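Colleague: got a structure for you, letters missing:
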């Protein structure tokens, strides 16, 4: 279980629900821009799990996850800055905020404040936000994927090998070198980008020291190199990629993930989320079972129900006076049914 930082605010049900409604307001703006300009997007991660299991936010969730294929992501970033209400929303990427080093974007609600616990020293713009993730192609062809599937079947019949050993054996093969190099380079670059936080927040002194050394390297440079590396194999005709993944978050640099089948990630349907309709992946069961396990519809134990992005300061400003769609019914706290 992740411990709540000492300086983090304890979320009350009412406070968390207000936060969720501001995030929903941002999501509605994203959906409006995408529908108007025919830009493809999809709810993913815990947001999609909440839509399927709860019809909206997971009661204890404090963020929103939206995915785009890289070309759609870049087009959205351009169009959003041109067409959204710049007095209310700010699209934050490493290109629009010189102090923001992550390789995924955020849409922030201006007039609000949301300071991540442990990141008070960071100079990037704050505010309640949702996350937008670009998905890039992996340098893996179907022949290699077939070989991996065959090895998985062998693994099922061989109880003396762990899944990690299986993946390590296969992914460390010469055929997987491009994928391995891409993932390892992205992981190292993300460590550099994270060093601005890690030099204060890493749990061990030697880790803080290591991050302090890495922080001497420009975070903007690391973010630019990470994006360049992540999108390296997006030319489908040249590399024949059939799988995608997002490189914005941390991942195991030793054993790169196999990614998601791009054909299934490209299929869309609408899904209800907090009384509104949004776009998502057609085969939600396939995605959620892969991401969270076959038992994703079961509620986790109480000790696992906590916010993933704790804050040390939250200020809603006058935002609720501007959200005409938001009523007392929307703000009603959901009951958690076991």
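Modeller: That came through, no problem. Predicted, not measured: the structure shown is a model, and the values here were computed from it.
Colleague: so where's the stretch 51-200 of the chain shaky on pLDDT?
Modeller: For the stretch 51-200 of the chain, applying pLDDT under 70 flags the ranges 140-176.
Colleague: care to break this structure down by domain?
Modeller: Domain segmentation of the chain under automatic domain parsing yields 13-136+264-331, 142-238.
Colleague: Next, the contact list for residue 269, please.
Modeller: Residue 269 makes contacts with 279, 280, 281, 282, 284, as judged by C-beta atoms under 8 Å, 6 or more residues apart in numbering. Placement of C-beta: from N, CA and C, glycine included.
Colleague: Number of residues surrounding residue 118?
Modeller: When neighbours are counted by other C-beta atoms under 10 Å, residue 118 registers 18.
Colleague: Surely it and residue 198 touch.
Modeller: No - under the criterion of C-beta atoms under 8 Å, residue 118 makes no contact with residue 198, lying 10.0 Å away.
Colleague: Which of the domains of the chain sits closest to residue 246?
Modeller: domain 13-136+264-331 (4.3 Å; C-beta to C-beta).
Colleague: distance between the ends of the closest one?
Modeller: 10 Å (C-alpha to C-alpha, to the nearest Å).
Colleague: from the chain's centre, how far out does that domain sit?
Modeller: With C-alpha atoms, centre = their mean, to the nearest Å as the basis, domain 13-136+264-331 stands 9 Å off its chain's centre.
Colleague: And for stretch 194-205?
Modeller: Here stretch 194-205 is found 21 Å from its chain centre; the criterion is C-alpha atoms, centre = their mean.
Colleague: Would you mark the buried spots in that stretch?
Modeller: Burial within stretch 194-205, assessed by neighbour count using 16 or more other C-beta atoms under 10 Å, is assigned to 194, 195, 196, 197, 198, 199, 200, 201, 202.
Colleague: circling back: what about the contacts of residue 269, which are in strands?
Modeller: The strands, defined by DSSP state E, take in 279, 280, 281 from the contacts of residue 269.
Colleague: just to revisit the earlier point, return the member of the buried residues of stretch 194-205 nearest to residue 237.
Modeller: Nearest member of those to residue 237, counting by C-beta to C-beta, is residue 194, at 34.2 Å.
Colleague: re the thing from before, for residue 96, state which of the buried residues of stretch 194-205 is nearest.
Modeller: Comparing these against residue 96 with C-beta to C-beta picks out residue 196 as the nearest, at 17.3 Å.
Colleague: Let's test this: what are the backbone torsions at the closest one?
Modeller: phi -60, psi -30 (degrees, to the nearest 10).
Colleague: just the domains of the chain: most buried one?
Modeller: With neighbours taken as mean count of other C-beta atoms under 10 Å, the domains of the chain reach their highest mean count in domain 13-136+264-331, at a mean of 17.
Colleague: Looking only at residue counts, what's the top strand in this structure?
Modeller: The chain, longest strand under DSSP E: strand 129-137.
Colleague: In its sheet, which strands sit next to it, and in what direction?
Modeller: strand 65-69 (parallel), strand 105-109 (antiparallel), strand 243-245 (antiparallel) (DSSP bridges).
Colleague: Export the ones you listed to a markdown table and append columns for distance to residue 13.
Modeller: Output for the strands paired with strand 129-137, formatted as a markdown table (distance: least, C-beta to C-beta, whole Å):
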| stretch | distance to residue 13 |
| --- | --- |
| strand 65-69 | 22 |
| strand 105-109 | 21 |
| strand 243-245 | 34 |
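Colleague: OK, contacts around the closest residue to residue 331 other than its chain neighbours?
Modeller: Leaving aside its sequence neighbours, residue 331 sits nearest to residue 17 (C-beta to C-beta, 6 or more residues apart in numbering; 5.7 Å). Going by C-beta under 8 Å, 6+ apart, residue 17 touches 331, 332, 333, 334.
Colleague: all strands of the protein, in order?
Modeller: Counting by DSSP E, the strands of the chain are 42-43, 65-69, 89-92, 105-109, 113-116, 129-137, 243-245, 260-261, 268-273, 276-281, 311-315.
Colleague: got the ones you listed as a markdown table, with distance to residue 324 columns?
Modeller: Below are the strands of the chain laid out as a markdown table (distance: least, C-beta to C-beta, whole Å):
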| stretch | distance to residue 324 |
| --- | --- |
| strand 42-43 | 23 |
| strand 65-69 | 23 |
| strand 89-92 | 16 |
| strand 105-109 | 15 |
| strand 113-116 | 22 |
| strand 129-137 | 20 |
| strand 243-245 | 37 |
| strand 260-261 | 37 |
| strand 268-273 | 19 |
| strand 276-281 | 14 |
| strand 311-315 | 21 |
